[in-house]
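*Asks:* Sequence unavailable; structure follows:
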Ligand SMILES: [Zn+2]
């Protein structure tokens, strides 16, 4: 006897911020434009970048690099 197993359909989506993958609805909305879907870790990273800026500290260089590249991709000005 066989039992059919129907695998749930998952849509693996590339994260436009880090080029990693995520599976909606497990994702975050970018704080940079308020609508672009990014992966969960990137959502946390954006929040941390904002926090570092708020306390006047330098975020790690690789975070700032990803941040610059993503803002460029979105067409969001630096400092916005
Ligand atoms: Zn990401």
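*Replies:* Perfect, thanks for sending it. Treat the numbers as computed from the prediction; the structure is a model and nothing was measured.

*Asks:* Can you show me the strands along the protein?
*Replies:* Using DSSP state E, the strands of the chain run over 13-14, 21-22, 28-29, 37-38.

*Asks:* And the ion, is the second one touching that?
*Replies:* This means strand 21-22. No - interface with the ion: strand 21-22 contributes nothing (C-beta under 5 Å from the ion), its closest point being 6.9 Å away. Just so you know, the C-beta spots here come from the backbone N, C-alpha and C atoms, and that holds for glycine as well.

*Asks:* Show residues contacting that strand.
*Replies:* Strand 21-22 is contacted from outside by 12, 13, 14, 15, 37, 38, 39, 40, using C-beta atoms under 8 Å, 6 or more residues apart in numbering.

*Asks:* Buried subset of these as a ChimeraX selection?
*Replies:* Applied in ChimeraX, the following selects the buried portion of the contacts of strand 21-22 according to 16 or more other C-beta atoms under 10 Å:
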select :15,37,38,39
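
*Asks:* Near the ion, which residues of this protein? Just list them.
*Replies:* Neighbours of the ion within the chain, by C-beta under 5 Å from the ion: 15, 17, 18, 20, 39, 42.
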